[in-house]
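# here is a sequence with its predicted model. Questions after.
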Amino acid sequence: SRHHQLDIERLIFAMVANRALAPSSKLAMEDWVREEVYIPGLSQVASHQLYRAMDELLAVQSELEYQVYGAVSDLLNLEVDLLYFDTTSSYFEVDPSEAPEEDTFRKQGFSKDKRPDLLQVVIGLAVTRTGIPIRCWVWPGNTMDMTVVEQVKKNLIGWKLGRVISVMDRGFSSEENLRTLQRAGGHYIVGEKMRSGKAASKEAMSTRGRYHQVRENLHVKEIIVGDGEARKRYVLVYNPKEAERQREERKKLLEKLQAELDGLKQLSHEVHSKAACRLRSHPSYGKYLRQLKDSTLRLNKQAIRDAEKYDGKYLIRTSDDTLSPEDVALGYKQLVDVEDAFRTLKSTLELRPMYHRLEDRIRAHILLSWLALLLVRIVEVHTGESWRKVRDELQRLALGHFSSKNGDLYQCTEITAKQRQIFAAVGVEPPPRFLEIQPSS
């Protein structure tokens with residue numbers, strides 16, 4: 001209806017394809033479209049056209065997200081009763097001192113990329129149980145996880161998802177957030193911090209009872225704390241293999257720590273040396289140390305015993321009484337799909353580092369990356385193969401351009417059995433042997 005002279009859809013498709021196949025800048029895409037790929041209806045592009053298309057994409061974001069979700073739900077017949085949500089951060093190669101004062105979007109904050117020295121934004125993803133990312137959000141870089149749940153819930157309510165159980169990590173488990181997730185008939189499965197100091201969490205961790213084995217390395221125990229409206233339902237999960245790994249890691253760490261203490265040559269009532277202060281402030285060593293009355297440092301045996309109680313365990317809280325403890329544990333375990341989605345965004349699709357400066361361009365860049373991730377995950381679900389394998393196999397398919405006095409001929413290399421299998425799995429017709437014939441005029 002806007003009567004664009006350019007084919008906006010083709011430009012957006014090219015940017016999404018570029019992100020999935022060979023992530024590059026918009027300027028580098030000029031050569032990529034002209035020399036490296038064949039896109040029907042788009043033989044060449046200019047970077048300013050791509051930026052214009054990004055602006056148009058952002059203008060229809062809400063409608064796009066809703067329509068994409070409807071199409072994907074139909075296509076994959078998704079069960080949307082479990083919806084996973086998590087956040088990550090993505091940084092910019094800009095020193096904080098170089099950012100203009102009016103920039104309220106690129107901010108320093110808690111960096112999940114371990115780059116607290118750089119400006120960043122915070123990205124949220126809602127992912128189905130099959131790993132399909134149905135929506136993404138972007139917030140200023142100093143946004144805290146606890147503050148975004150209400151907006152996420154509000155945005156998704158309008159989609160009429162039916163009975164939704166939100167699955168979230170420990171960073172979102174404030175009481176206010178849990179009440180928000182229960183609005184409009186919703187439920188939650190969230191991780192609880194075992195050392196949070198909450199009375200209910202302490203009681204759950206100290207409750208006796210037998211574990212029920214679900215799988216070889218997955219044992220569960222249901223715990224009910226309180227009565228009536230104050231009733232809270234927990235599931236304590238125990239992984240014997242993980243417990244053994246943590247014990248071995250702690251044993252090695254304590255051996256190193258004891259060796260460090262033996263090398264200090266501590267004397268009673270002496271002022272601490274730099275080496276002793278370094279041990280006390282060390283993020284891994286410090287919690288296993290105690291200082292005696294004569295100022296010498298020793299291993300804290302009580303702290304070691306306390307740590308052993310948590311080996312291989314994690315605590316989950318849920319508001320849904322219809323789910324079995326096994327379903328709760330397995331549902332929470334699938335939260336790893338969101339982490340996989342973020343890994344794909346950051347590595348395969350090369351989301352970071354970002355060089356955009358304007359907020360709208362940053363949002364559009366992340367929107368394009370989400371669309372690329374969406375297509376990647378759909379391909380993986382349909383084929384049962386990793387995107388890397390599918391991409392490598394299909395990139396062996398080449399297009400030859402033959403030119404003579406009689407005209408131009410575009411001919412594909414012969415399609416292999418494996419390539420045909422991939423095309424069939426995703427429901428896409430393979431390209432014809434002769435893609436285009438242009439006789440001389």
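That came through fine.
# work out which residue lies at the spatial centre of the protein.
By C-alpha atoms, centre = their mean, the mean C-alpha position of the chain lies nearest to residue 342, the distance being 2.9 Å.
# wait, doesn't it sit right on residue 125?
Yes: between residue 342 and residue 125 there is a contact at 6.9 Å, judged by C-beta atoms under 8 Å. (C-beta placed from N, C-alpha, C; glycine too.)
# tell me, what's touching the two both at once?
Common contacts of residue 342 and residue 125 (C-beta atoms under 8 Å, 6 or more residues apart in numbering): 86, 88.
# let me see the contact set for residue 415.
For residue 415, counting by C-beta under 8 Å, 6+ apart, the contacting residues are 397, 423, 430-431.
# and if you look at residue 360?
Residues touching residue 360, when contacts are defined by C-beta under 8 Å, 6+ apart, comprise 54-55, 58.
# can we see that at 6 Å?
Contacts for residue 360 were tallied using C-beta atoms under 6 Å, 6 or more residues apart in numbering; they are residue 58.
# which of the three states applies to it?
Each residue gets one of three states, and residue 360 gets helix by DSSP: H, G, I helix; E, B strand; the rest coil.
# circling back: is it fair to say the residue nearest to the centre of the chain lies in a helix?
Yes: following the definition three-state DSSP, residue 342 is counted among the residues of a helix.
# ok, it touching residue 88?
Yes: because the distance of 4.6 Å satisfies C-beta atoms under 6 Å, residue 342 is recorded as touching residue 88.
# ok, which stretches of the stretch 151-300 of the chain are strands?
In chain order, the stretch 151-300 of the chain shows strands spanning 165-168, 187-192, 212-215, 218-225, 232-238, 289-291, 297-299, with DSSP state E, counting those that start in this stretch as the criterion.
# okay if I get those strands as CSV plus distance to residue 409?
Rendered in CSV, the data for those read as follows (distance: least, C-beta to C-beta, whole Å):
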stretch, distance to residue 409
strand 165-168, 53
strand 187-192, 58
strand 212-215, 57
strand 218-225, 59
strand 232-238, 62
strand 289-291, 76
strand 297-299, 78
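# highest average neighbour count across these?
Among the strands of the stretch 151-300 of the chain, strand 165-168 has the highest mean neighbour count (mean count of other C-beta atoms under 10 Å), at a mean of 25.
# who touches that one?
Residues from elsewhere that reach strand 165-168 (C-beta under 6 Å, 6+ apart): 81-85, 181, 187-190, 320, 331, 335.
# which of the strands of the stretch 151-300 of the chain sits closest to residue 32?
Go through the strands of the stretch 151-300 of the chain one by one with C-beta to C-beta and the one that ends up closest to residue 32 is strand 165-168, at 38.0 Å.
# where does the prediction get shaky in this protein?
With pLDDT under 70 as the threshold, the chain has low-confidence stretches at 1-3, 74-81, 158, 160-163, 184, 265-273.
# ok, and the closest non-adjacent residue to residue 370?
Excluding the flanking residues, the one nearest residue 370 by C-beta to C-beta, 6 or more residues apart in numbering is residue 136, at 4.2 Å.
# tell me, how many residues neighbour residue 251?
Around residue 251 there are 9 other residues, counting by other C-beta atoms under 10 Å.
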